[in-house]
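# Sequence and predicted structure are below.
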Amino acid sequence: MQLCLKVGRKARRGNALLMSLISIVALTGIAGAILGASMASKKEVGSAVDRTEALYAAESGVSAVLAQLTASRTPSLGTEASPTTFGGGAYWGTAVNNSGTWTITSVGRKGNVTRAVQAVIAAPSGGVYDNAIFAGNSSNNPAYTMNFGGTGSQADRVVGDMYSGNSITFTGTATVDGIPRAFRSFTGPSGAILPDASGRARSAILGGTQPIPDLASMNYPSTAHVNVNTAFASATYASSAQGGSAYQLPKTNRAHIFRKNPSDRRSNTSTTVKDDFFLEDPYQPLRTDAASNGADCNLIQLNNPSLSGYGTQSGNKIVYYIDGNLWIHNNSTMSFKIKHGETSGVQVTFVVKGNLYISDNIFYDNTTKDGIAFITLKDPAVTDSGNIYFGDPSFGTLNRMDSFMYAENNFIDNNLDASGSLQITVNGNMTAGNQVAINRDSGGRHTKMTVNQDRRIAAGTLAMPGLPRQSGAVRRRSRSR
């Protein structure tokens, strides 16, 4: 009995060992399967991450080209041998100019994975304030041409992008350091390629349109901070050192920087239809700036509560609206400068429902912080309205304008060709909804025009009150693996 009992116990122990071995083998198999599945999943996840990051890298190449075009730079993405790094990956590719659009092929790489993106983008316009010179050709005149010329020291120079709603023609040795865009045609010394001032090639872009601002939606008569006509309802007629007698306001009024219908300039205003307002300060002594270099400008003092006698409301960082004509013209001075006193500089916008006549210089007091904008609107009741007349009809003293200028109708020269100034420099822009029509040639004489685009508005570093919105670029894209 005892012997049989011992044998039974040994058998049971053998069975238990066998079952344990079987369980271990089974668990090992399951663990291996789980580990294999886990490694496969990890590899799959890693591959998916690489594919996503490679696509992001490729798309960043397209964005880089768009940024380069916006900054008027020749687009470059790098090459496969020398790609542009992006995060943990890189991209390279090509940008092809289609005369109006660009085809961008960008390849992104992350690890061993590559993805490609192809996009067709319209060269960014950014609105009129993204151009040194802009002419929308709203009249759709097929004969309109924006002309630039001159040779040697009298050759025109444009620093910044430009747009014509019809055609652009460069002759002589005139240069543009930016991208010229024209709806219909471009003519330059080298066909479709124009050198900039450094001799680099700039590609002209043909075709496509750029929108003009929707000025009606701005509703300036209601939204402007100062309605000058309303303010002048209480004006008195008085003489001033600025010349003659005119309707003017006390210096506590923010509109005191205007004088209406001065008696000593009737020869200039006798043919205009509406009231004529002159941008000048009757409470400042007359300064002539005889050298016309800004060293002794005739000052226009905006209202500043910190100054004695200048009211409680600031005249800075606001919009002034005039239903009439505005003149920057004085018989005894060459130049004007607007001052306020704030450390942030002067930023004012003048909106004119009529014409703007510019025959004297305007200098910024602070070229880094100041900004002055002029906008002219068409008056449906007046054929000759919405224009900017540029030049001194009598003495040819206009040499420099520091400002942003937009005419809903036309930008027109006023005696720039015969006895006018030999050289004119604009630091800002010259823009029009219809045409920039500046005639600067008479016989063998050419008035040199230099336009230096002020990019502070486009770059967002200068906030100007009451400007119409700008428009961005149009992008169309297709993707491929």
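Okay, I see it. Just so we're clear, the structure is a prediction, and the values are computed from it rather than from any experiment. Numbers count the residues shown, from 1 in each chain.
# Every contact and neighbour count from this point should use C-alpha atoms.
Will do.
# would you list every one of the helices in this protein?
Using DSSP state H, the helices assigned to the chain run over residues 2-70, 220-223, 228-231, 266-269, 456-459.
# Quick check: buried residues in the second one?
Spelled out, it's helix 220-223. 220, 221 (16 or more other Cα atoms under 10 Å).
# Same check on the third one?
Within helix 228-231, the residues that qualify as buried by neighbour count (16+ other Cα under 10 Å) are 228, 229.
# Report the residue spans of the stretch 251-400 of the chain with pLDDT below the cut-off.
393-396 (pLDDT under 70).
# Repeat that for the stretch 51-200 of the chain.
Low-confidence segments of the stretch 51-200 of the chain, defined by pLDDT under 70, span residues 67, 69-74, 99-100, 122-126, 189-200.
# Can you show me the strands along it?
84-86, 89-97, 101-110, 113-122, 133-135, 145-148, 157-159, 162-164, 167-170, 175-177, 180-182, 185-187, 193-195 (DSSP state E, counting those that start in this stretch).
# tell me what the fourth one is packed against?
In this case it means strand 113-122. Where contact means 3 or more Cα pairs under 8 Å, 6 or more residues apart in numbering; DSSP states H and E, strand 113-122 is packed against helix 2-70, strand 101-110, strand 475-480.
# re earlier: worst mean pLDDT among the helices of the chain?
Mean pLDDT is lowest for helix 2-70 out of those, coming in at a mean of 66.
# just to revisit the earlier point, highest average neighbour count across the strands of the stretch 51-200 of the chain?
Scoring the strands of the stretch 51-200 of the chain by mean neighbour count under mean count of other Cα atoms under 10 Å gives strand 133-135 as the most buried, with a mean of 30.
# just how off-centre is that one within its chain?
On the basis of Cα atoms, centre = their mean, to the nearest Å, the separation between the geometric centre of strand 133-135 and that of its chain is 12 Å.
# Could you do stretch 229-242 as well?
For stretch 229-242 - counting by Cα atoms, centre = their mean - the centre lies 36 Å from the chain centre.
# if we look at that stretch, which residues are touching it?
Residues external to stretch 229-242 that are found in contact with it (Cα atoms under 8 Å, 6 or more residues apart in numbering): 245-249, 255, 280-286, 322-323, 330, 332.
# Output the strands of the stretch 51-200 of the chain as CSV; include the columns distance to residue 215.
Listed next are the strands of the stretch 51-200 of the chain as CSV, based on distance: least, Cα to Cα, whole Å:
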stretch, distance to residue 215
strand 84-86, 42
strand 89-97, 33
strand 101-110, 28
strand 113-122, 24
strand 133-135, 15
strand 145-148, 23
strand 157-159, 26
strand 162-164, 19
strand 167-170, 25
strand 175-177, 29
strand 180-182, 23
strand 185-187, 28
strand 193-195, 33
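# who wins for proximity to residue 53 among those strands?
strand 101-110 (6.2 Å; Cα to Cα).
# could you dump that closest one to CSV, C-alpha only?
Backbone C-alpha positions of strand 101-110 (Å, rounded to 0.1, in the frame of the first residue of the first chain) are rendered in CSV as follows:
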residue,chain,number,x,y,z
THR,A,101,1.8,83.1,-61.6
TRP,A,102,4.5,80.9,-60.2
THR,A,103,4.6,77.1,-60.3
ILE,A,104,6.3,75.9,-57.1
THR,A,105,7.5,72.3,-56.8
SER,A,106,8.8,71.6,-53.3
VAL,A,107,10.1,68.2,-52.1
GLY,A,108,10.3,67.6,-48.3
ARG,A,109,12.4,64.9,-46.7
LYS,A,110,12.4,63.4,-43.2
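# just to revisit the earlier point, return the subset of the contacts of stretch 229-242 lying in strands.
Cross-referencing those against strands under DSSP state E gives 245, 246, 247, 248, 322.
# Show me the domain layout of this protein.
The domain map for the chain lists 46-123, 128-459, with the assignment taken from automatic domain parsing.
# export these to TSV and tack on distance to residue 467?
What follows is those, written out as TSV (distance: least, Cα to Cα, whole Å):
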stretch	distance to residue 467
domain 46-123	20
domain 128-459	8
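# Quickly note the distance from the closest residue to residue 130 other than its chain neighbours to residue 164.
For residue 130, the nearest residue in space outside its immediate sequence neighbours is residue 458; the separation is 5.5 Å by Cα to Cα, 6 or more residues apart in numbering. In this structure, residue 458 and residue 164 are 19 Å apart, going by Cα to Cα, to the nearest Å.
# Likewise for residue 57?
Plainly put, residue 57 is 36 Å away from residue 164 if you go by Cα to Cα.
# again with residue 320
Look at residue 320 and residue 164: by Cα to Cα, they are 29 Å apart.
# do the same with residue 77
Separation of residue 77 from residue 164 (Cα to Cα): 29 Å.
# Next: residue 462.
In this structure, residue 462 and residue 164 are 25 Å apart, going by Cα to Cα.
# Can I get stretch 363-376 in PDB? Just the C-alpha atoms.
What follows is the C-alpha trace of stretch 363-376 in PDB, where atoms were taken according to Å, rounded to 0.1, in the frame of the first residue of the first chain:
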ATOM      1  CA  PHE A 363       9.500 116.400 -45.000                       C
ATOM      2  CA  TYR A 364       9.000 114.000 -42.100                       C
ATOM      3  CA  ASP A 365      10.200 115.200 -38.800                       C
ATOM      4  CA  ASN A 366      11.100 111.600 -37.800                       C
ATOM      5  CA  THR A 367      11.700 109.400 -40.800                       C
ATOM      6  CA  THR A 368      11.400 106.300 -38.700                       C
ATOM      7  CA  LYS A 369       8.100 107.000 -36.900                       C
ATOM      8  CA  ASP A 370       6.200 109.600 -38.900                       C
ATOM      9  CA  GLY A 371       3.600 108.800 -41.600                       C
ATOM     10  CA  ILE A 372       1.400 111.000 -43.600                       C
ATOM     11  CA  ALA A 373      -1.200 109.700 -46.000                       C
ATOM     12  CA  PHE A 374      -3.300 111.500 -48.700                       C
ATOM     13  CA  ILE A 375      -6.400 110.000 -50.300                       C
ATOM     14  CA  THR A 376      -8.500 111.800 -52.900                       C
END
